[in-house]
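# sequence and predicted structure are below.
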Amino acid sequence: MKTNKKLCSIALVSMAMILFLIMISSTASAIPLTITETQITTDSSDQYSPTIYGNRIVWEDLRNGNGDIYMYDLFTSKESQITTNESYQMNPAIYDNVIAWEGGDNNIYTYDLSTSTETLISTRWSIKESLKIYGNRIVWSETPDLDYWNIGMYDLSNSTYYQITDDKSSKYRCDIYGDKMVWTDSPSTSIYMYNISTSESKFITYGYDAAIYGDIIVSSSSDIVMYNLSTSERTRITSSMGLSGISSPAIYADRIVWMDKRNGNWDIYMYNLSTSQEIQITSNKSDQLNPAIYGDRIVWEDLRNGNRDIYMCTISENEPQPVLPVANFSINVTSGNAPLYVQFTDLSENATGVNWDFDNNGVIDSTDRNPVHTYTTQGVYTVNLTASNEYGTNSKLSTMTVLEKQVIPDADFSATPTSGNVPLKVKFTSTSTGSPTEWKWNFGDGSTLVTDQNPEHTYSKAGVYTVKHTAINAYGRDTEIKTN
């Protein structure tokens, strides 16, 4: 097996073995896919009809001059020759530990990997094709005389053969999943389904190459068509309208693969039912044929080396790398006097939500992106912004300094007594508010200004006097005038 990995775009796939990254646009978001292509066989002879189950790939191999069945174990990286009979062995199928194939004597054989035992299971002479296996049941198309083909089934659990159909039309390309099998009926080119539990068959749609997984049946005609048994809906997957060749669909879970000739050669394409996206799997200019799929792996015949080799690709959806939020914000002021009005602007990256704690006391004050907050009390505050998204949180702290409130004094005073005979000694008391730091008194009698807070003054002449009291602080001054 050869694997060579390289990063390139979807359009540049020219090496024999390559890994490339595809970005697929969906209605929700871009889904990054990594496709790793691996050459399974390197023998110069031809290899045909690959199929896969779990870690095991089986195929028909001509390296020994006849057709033999070979297997490659992806877990052990080991290739094994399953058959050694000198007659022709062809059309292998695999399920769990059982490999089935058609022998050169037109009988069906199985090989149990767990016991290394080969068993002849059908001695009914007929030419067989389209061998498939699910659980204990093996199904195929068969004809005793090349006149018409019918569907046969063998149950490994009771070693019993069942003839499913017996009429004069021909049935080809059968498949099985659980209790349901499907096939193409000719000459009407119709897809029929047979329920093993009820022994009932019914027409599904028109087309060729039926394949089934769960309640989904796919077939090809001019396009790949899907039929949903649970909803009875028929959906066209491709839109070539017969302008390019389309053939050999296979399905596993929500992925459909087929061979497609829209580019002039046969390429392998895949459609994801979950994302409604079509993906070109191969881009080599040679032919790639007869795909089979299991889980994230697709196998096919590949002609790029001049013979038919078996190739495989592994598809993996890259989980998006967690992108944590980065908290960041700006403020229009970092300090000022109370009441201080602050505009906060969120500058966080990768955030789906924000929580503001304006004094870092553990209580969320706002979830707005760009809130305004008013600080009314002097102090030093720590602002905490926490940004969040689905992957986590991130916080940023910033300090806010709030100075005392700017209050201009409101001057006022009282005097005792306010009248009397000269000489009259009066006690003046400043009752000014607003935290004045300076005081000035003009007693109205021509005396010198006094700067005491609560002075005494003696009037020596009779008269009516006007007293002016001024209260002063860093933010301003105010004067109160009273007449005795």
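Perfect, I can see it now.
# gap between Ala100 and Ile108?
Separation of Ala100 from Ile108 (C-beta to C-beta, to the nearest Å): 6 Å. For the C-beta atoms, the positions are set from N, CA and C on the backbone; glycine is no exception.
# domains of this structure?
Residue ranges for the structural domains of the chain, counted by automatic domain parsing, are given in the record as 2-317, 329-403, 413-483.
# mind listing what's buried in stretch 39-53?
With burial defined by 16 or more other C-beta atoms under 10 Å, the residues of stretch 39-53 counted as buried are 39-41, 46-53.
# widest-spaced pair of the residues you listed?
Asp46 and Tyr53 (22.4 Å; C-beta to C-beta).
# that older thread, highest mean neighbour count out of the domains of the chain?
Of the domains of the chain, the one with the most neighbours on average (mean count of other C-beta atoms under 10 Å) is domain 2-317, at a mean of 18.
# now find how far off-centre that domain is within its chain.
When C-alpha coordinates are averaged (C-alpha atoms, centre = their mean, to the nearest Å), domain 2-317 and its chain have centres 28 Å apart.
# so which residues of the stretch 101-250 of the chain form helices?
Counting by DSSP state H, counting those that start in this stretch, the stretch 101-250 of the chain has no helices at all.
# low-confidence ranges in it?
Segments of the stretch 101-250 of the chain classed as low confidence (criterion: pLDDT under 70) are 123-125, 241-243.
# now with 80?
Scanning the stretch 101-250 of the chain for pLDDT under 80 picks out the ranges 122-126, 144-146, 188, 240-244.
# also the stretch 351-484 of the chain?
Across the stretch 351-484 of the chain, the ranges flagged by pLDDT under 80 are 484.
# rerun that using 90 as the cut-off
Across the stretch 351-484 of the chain, the stretches falling below the confidence threshold (pLDDT under 90) are 404-407, 434, 474-475, 483-484.
# CA atoms only: put stretch 238-256 into PDB for me.
Output of stretch 238-256 as PDB, limited to C-alpha atoms (Å, rounded to 0.1, in the frame of the first residue of the first chain):
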ATOM      1  CA  THR A 238     -27.400  15.300  -9.500                       C
ATOM      2  CA  SER A 239     -28.500  17.600 -12.300                       C
ATOM      3  CA  SER A 240     -26.800  16.300 -15.400                       C
ATOM      4  CA  MET A 241     -30.100  15.400 -17.100                       C
ATOM      5  CA  GLY A 242     -28.300  12.700 -19.100                       C
ATOM      6  CA  LEU A 243     -25.600  15.000 -20.400                       C
ATOM      7  CA  SER A 244     -22.900  13.000 -18.700                       C
ATOM      8  CA  GLY A 245     -22.600   9.300 -17.800                       C
ATOM      9  CA  ILE A 246     -23.600   8.400 -14.300                       C
ATOM     10  CA  SER A 247     -23.400   4.800 -12.900                       C
ATOM     11  CA  SER A 248     -22.900   2.400 -10.000                       C
ATOM     12  CA  PRO A 249     -24.200   4.300  -7.000                       C
ATOM     13  CA  ALA A 250     -23.500   3.000  -3.500                       C
ATOM     14  CA  ILE A 251     -24.700   4.300  -0.100                       C
ATOM     15  CA  TYR A 252     -23.600   4.200   3.500                       C
ATOM     16  CA  ALA A 253     -25.400   6.300   6.200                       C
ATOM     17  CA  ASP A 254     -25.800   9.800   4.800                       C
ATOM     18  CA  ARG A 255     -23.200   9.500   2.000                       C
ATOM     19  CA  ILE A 256     -23.900   8.400  -1.600                       C
END
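# got the contact list for that stretch?
Judged by C-beta atoms under 8 Å, 6 or more residues apart in numbering, the contacts made with stretch 238-256 from elsewhere in the structure are 208-209, 211-214, 216, 218-220, 222-224, 226, 237, 257-262, 266, 269-274, 278, 289-295, 315.
# let's see which of those residues end up in strands.
With strands defined by DSSP state E, the entries of these inside them are 208-209, 211-213, 216, 218-220, 224, 226, 257-260, 269-272, 278, 289-294, 315.
# what touches both of Ala100 and Ile108?
Jointly contacting Ala100 and Ile108 under the rule C-beta under 8 Å, 6+ apart are 121, 131, 138.
# which residues does the last one contact?
Residues touching Ile138, when contacts are defined by C-beta under 8 Å, 6+ apart, comprise 93, 100, 108, 110, 121, 131-132, 153-154, 156.
# kindly report the same for Asp215.
Residues near Asp215 by C-beta under 8 Å, 6+ apart: 228-230.
# looking at the residues you listed, which are in strands?
Among these, the members that lie in strands (by DSSP E) are Asn228.
# let's have the contacts of Asp215 in JSON lines, adding distance to Asn394.
Listed next are the contacts of Asp215 as JSON lines, based on distance: C-beta to C-beta, whole Å:
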{"residue": "Asn228", "distance to Asn394": "45"}
{"residue": "Leu229", "distance to Asn394": "49"}
{"residue": "Ser230", "distance to Asn394": "46"}
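# just the CA coordinates for stretch 260-273, please, in PDB.
Output for stretch 260-273, consisting of C-alpha atoms alone and laid out as PDB, is shown next (Å, rounded to 0.1, in the frame of the first residue of the first chain):
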ATOM      1  CA  ASP A 260     -19.500  10.200 -13.100                       C
ATOM      2  CA  LYS A 261     -18.200  11.100 -16.600                       C
ATOM      3  CA  ARG A 262     -19.000  14.800 -16.500                       C
ATOM      4  CA  ASN A 263     -15.300  15.700 -16.900                       C
ATOM      5  CA  GLY A 264     -14.700  13.400 -19.900                       C
ATOM      6  CA  ASN A 265     -13.200  10.500 -17.900                       C
ATOM      7  CA  TRP A 266     -14.900   8.600 -15.100                       C
ATOM      8  CA  ASP A 267     -14.500  10.200 -11.700                       C
ATOM      9  CA  ILE A 268     -15.800   9.300  -8.200                       C
ATOM     10  CA  TYR A 269     -18.300  11.700  -6.700                       C
ATOM     11  CA  MET A 270     -19.900  11.800  -3.300                       C
ATOM     12  CA  TYR A 271     -23.100  13.500  -2.000                       C
ATOM     13  CA  ASN A 272     -23.700  14.200   1.700                       C
ATOM     14  CA  LEU A 273     -27.400  14.000   2.500                       C
END
